[in-house]
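S.K.: I'll drop the sequence and a predicted model, then ask my questions.
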Amino acid sequence: MSGHPTPYVRKTCVDPNNGKDVTRDAQLPSWCSEVYQKIHYYGDNMDDFLDAVVPSPTLCTLPDPDVSISKKFVPVKGQEKKSYEPLMKIFEGLVSNFPDDKKLSFYNAHDQPLSFPFPKFANRHHVAKPDIMVSFPGETLPSRIKRPDWSQFSMVIEAKDTMEQDPFYDLDDPSFDKAKTLVQLAISARSLMIAHGFLATFAFGVYGDVVRIGRFDHACAVASPPLNLKTAAGLKGIRDFFWRFSHPWSSGPRAVVGCDSTIRKLTDSDISWLRRRLGVEASDLLHGIDLQKHARRVEVWDEEGSTSRAFIAFKPIEFTARLFSRSTMVWLGIEDTRGADGMDDGEDGEDGDVQLCVIKEAWRQVPRTPEKVFYERLKQTVPEDEWVGIPHMVCGGDLGLLEAKHYEAASKSSGGRTEWPAGFESDTSIAYRNGVQGDLPRPFHQTYTWRLTRGPRSKPQERSHVRFVVDVVGRPLSRFRRSKELALAMRDALVGHSLAMRYGGILHRDISSGNILIVERAASGSSSKGVVHDFDYSSMLLKPPEIVRFPRKAKATEPDSGELHPLELSDEYENIMELKERTGTYYFIAIELINRRARGVLHDVYHDLESYFWVLLWIVLRHTNHDHPDGREACSKVFKFGNDTDALSGKRNWLFDKEPLQVTDNKPLTDLLHSFKKLVKRANPYDDDIQAIPLTYEAVLAVFDEALARTDWPENDPAIPFSPREIPANTVHEGALPSGLGKALKRTASHVTEVVSGVPTGSTTLASNTSGWSKRQKTSHRATRSTPAASSSCVPRHTSRRSGKTSASNATSGRKKASGGSRGAKASELSARNALSHSGTPRS
């Protein structure tokens, strides 16, 4: 184990259950912070870039494009909109000789903003304003679409009128407009990936007569060398990209490079079968859903059966909309019990007696234990007759790990090559089955772009695609129908947490309002009223706890006080350093883990139990009537974000406030909150000389059981929807930005009306050391363009050199770190511009 201190990492603090936590425009700084950390460059020339990130079984053999198609294109500063139609004609000329079923068409969308792909969540997210949209291969877009949406397009093109607006230049001190340009590309890429389930997608940028192609996945983005729209070589590079994009390894309707061949849109036959299968519940379950646009059929790898099972995901439940993240997608669905291809329109299940399930997809960081492993441990260790408060996993697997394992085996073997598993389709497996000799296309279910641009030591930054199914259909705590239902759900989720820890040796470590659900529809035989789920950040003993080590009563849900201290057994954990990392949703993290004086404290059971209290308080303050003088704005007084000292003060002030909160006409909930508060207060004494009494399962469950035994709970007191405080759309929250970008935005007075410290309620943040940019010598575009040694296919590149180590200020400790250098002598541009992809602390 390393003796070096492990940095504290903040996870996202967006609450997924309260509509919108922050106005959409005010999210711009968080987008800037995310994007400017994760963009890399690859390739000395366009062929290198295309070979690496746009794999295709067929190369374009068409004659080189005629340079005359772009000769008349003259972008004019200040007249960006006039360039859209000429650009479309150039692109149409480049694809004019493609086969009809591979030909792309282009659409001028500049005056038709596109909302988030799923209407249910549109009010939380930016409206995208793409300039030009690209069709799927073989589809012809009309000249005007009444209501365009993301389902109709495969790629986005953004155009600016001058080369100086290329956001990939001069990134040490970017302007506000350049920041917005990059964010535009990232938002469009995010929306395309969510709308179509893409594993990776492409966003095209035209800046004057310069073209950039960005390839986005869930780990980072890779930008191409700049291409000159006026040269034959530049046009050929763009044409070759279009060719490869429309000629992927995978086949089938709407296949493009980056698509996921394990999912497809629903056919009319699928929709007819689904409605019959749901029976009388179909009208309620499918209300307001456009099944052709917003539903999909997915293949879920079943490792236990070494095959795949098909499910129809018909209703989106929740999304993590950050681009470079786990990007969790949760669906309500049913298993497709028809033939293997889902095309058998049989009469199976017309009586409507069907088991609903939840289908979850996520992109885990490669070093983290896959969530399905925790569910497998639970299945192996928790007695079925005691199973409460935890979902059962129906099936699932790590698609990225599966694909990467067979890719590596197939690449290394010679002659006789390893068999690819049946029932799993990917570009790599398709290429393998087609007998490809030489290099197979890299796995797309596991990202490889960090290693491509930064070398093998960057593997921990990569992400792997996980998809699995659980049997519990739940509802967020913020939508309780009775306050007693809220208490019942949290009580059973506490029991589930206890079972996971005591039997499985699993500590959740991310208790939040989104990770506890009220059970809407339980599996057959289940009595759970609530469940704790989302074990992405959990830790686990290498072996299940021994009975001798953890003496039990008759039931594992009745532990003796103080008997369970598994985190002291540091030598038994796979990653003790993970436990030193502060994980969890920031609002709900225990006081001891926020306290700067408590550095080095390992995340333990009692920290999770305290998080249950902060979750309960959060829900009460936001979703009930109470007597706090600030009303539901009281939540912002207790739960602070962006500064540990403020966060610690807000929680401690609440604990030691002598005036107990009164929930209107609800004595049981008032007393439950007050009793739980007493336990948390004892665990966090104000005076360091007072001995803390850690929370235990027994004590916390006793508080809930006493409250639930009462007979005076209100009968009709559903949750009150929460409307957050509006934040001015042009407010810049400098604390959310890398320092260079924050200064640039602050100086841009015409765009900024107010600069505030910290991060807005609900904004997404990353690691605490997000600031810090390398200092480098800058060269103007004008001087660079006249360089005689420039390639004819690319715009001449900046030449620059680092002046030393990158300074990175740590928001928590103020320490400075040295930036990681760029890789190899291969790319002078990579060396000159890798400040954009600052290698700070890995984040999730």
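M.R.: Thanks, I have it.
S.K.: okay, CA-based contacts and neighbour counts for the rest of this
M.R.: Will do.
S.K.: which pLDDT value belongs to the residue nearest in space to the middle of the chain?
M.R.: Of all residues in the chain, the one closest to the mean position by CA atoms, centre = their mean is Ser327, 2.2 Å from it. Looking at Ser327, its pLDDT stands at 87.
S.K.: surely it touches Gln365?
M.R.: No - using CA atoms under 8 Å, Ser327 makes no contact with Gln365, being 11.1 Å away.
S.K.: how far away is Ser526 from Met501?
M.R.: 20 Å (CA to CA, to the nearest Å).
S.K.: before we move on, what about Val95?
M.R.: Distance of Val95 to Met501, computed by CA to CA: 59 Å.
S.K.: and if you look at Leu655?
M.R.: 27 Å.
S.K.: what's the burial count for Ser478?
M.R.: 25 (other CA atoms under 10 Å).
S.K.: before we move on, what about Leu679?
M.R.: 20.
S.K.: cool, and Asp657?
M.R.: 9.
S.K.: cool, and Ser411?
M.R.: Around Ser411 there are 16 residues (other CA under 10 Å).
S.K.: please report how far it lies from Asp439.
M.R.: Distance from Ser411 to Asp439, by CA to CA: 7 Å.
S.K.: determine the longest strand present in the chain.
M.R.: strand 307-319 (DSSP state E).
S.K.: helices or strands next to that strand in the packing?
M.R.: helix 291-294, strand 296-302, strand 329-335 (3 or more CA pairs under 8 Å, 6 or more residues apart in numbering; DSSP states H and E).
S.K.: run through the stretch 601-750 of the chain and note the low-pLDDT ranges.
M.R.: The stretch 601-750 of the chain contains residues with pLDDT under 70 at 642, 724-750.
S.K.: ok, which stretches of it are strands?
M.R.: 731-733 (DSSP state E, counting those that start in this stretch).
S.K.: lowest-pLDDT helix or strand in the chain?
M.R.: Sorting the helices and strands of the chain by mean pLDDT, DSSP states H and E puts strand 754-756 at the bottom, at a mean of 28.
S.K.: roughly how far does the closest residue in space to Pro113 that isn't next to it in sequence sit from Val280?
M.R.: With sequence-adjacent residues excluded and distances taken as CA to CA, 6 or more residues apart in numbering, Pro113 is closest to Lys129, at 4.7 Å. Distance check for Lys129 against Val280: by CA to CA, it reads 41 Å.
S.K.: those two: which has the busier surroundings?
M.R.: Lys129 (19 against 13).
S.K.: need phi/psi at Ala590.
M.R.: Dihedral pair for Ala590: phi -60, psi 150, per degrees, to the nearest 10.
S.K.: quick one, what contacts the spatially closest residue to it that is not a sequence neighbour?
M.R.: Nearest non-adjacent residue to Ala590, counting by CA to CA, 6+ apart: His607, 5.3 Å away. For His607, the contact set (CA atoms under 8 Å, 6 or more residues apart in numbering) comprises Ile589, Ala590, Glu592, Leu593.
S.K.: one more: His392?
M.R.: Tyr375, Lys379, Val470, Asp471, Val472.
S.K.: burial measure for the nearest residue to the first one once chain neighbours are set aside, as a count.
M.R.: Spelled out, it's Tyr375. Distance criterion CA to CA, 6+ apart; nearest residue to Tyr375, sequence neighbours excluded, is Met393 at 6.2 Å. Other residues near Met393 number 20, with proximity taken as other CA under 10 Å.
S.K.: what does Glu384 give?
M.R.: 11.
S.K.: state the next helix or strand along the chain beyond the helix or strand encompassing Phe374.
M.R.: Assigning secondary structure by DSSP states H and E places Phe374 in helix 371-381. Note on helix 371-381: by DSSP H and E, the next helix or strand toward the C-terminus is strand 393-398.
S.K.: that next one to helix 371-381, inter-axis angle?
M.R.: Angle, strand 393-398 to helix 371-381, by axes from the mean of the first three to the mean of the last three CA atoms, to 10 degrees: 140 degrees.
S.K.: against which helices or strands is the helix or strand that strand 393-398 is followed by packed?
M.R.: Next in sequence after strand 393-398, counting helices and strands by DSSP H and E, comes helix 399-412. When contacts are defined as 3+ CA pairs under 8 Å, 6+ apart, helix 399-412 sits against helix 427-433, strand 463-470.
S.K.: for the ones you listed, which one sits closest to Phe91?
M.R.: helix 427-433 (26.5 Å; CA to CA).
S.K.: that older thread, between Val95 and Met501, which has more neighbouring residues?
M.R.: Per other CA under 10 Å, whichever of Val95 and Met501 has more neighbours is Met501, with 24 against 20.
S.K.: elements contacting the helix or strand containing Val211?
M.R.: In this structure, Val211 sits in strand 210-216 according to DSSP H and E. Packing partners of strand 210-216 (3+ CA pairs under 8 Å, 6+ apart): strand 201-207, strand 221-223, strand 227-228.
S.K.: and among these, the most buried is which?
M.R.: Burial of those is given as mean neighbour count (mean count of other CA atoms under 10 Å); strand 227-228 ranks first at a mean of 26.
S.K.: name the helices or strands packed onto it?
M.R.: strand 210-216, helix 232-246.
S.K.: so which bits of the last one are buried?
M.R.: Under the neighbour-count criterion of 16 or more other CA atoms under 10 Å, helix 232-246 has 232-246 buried.
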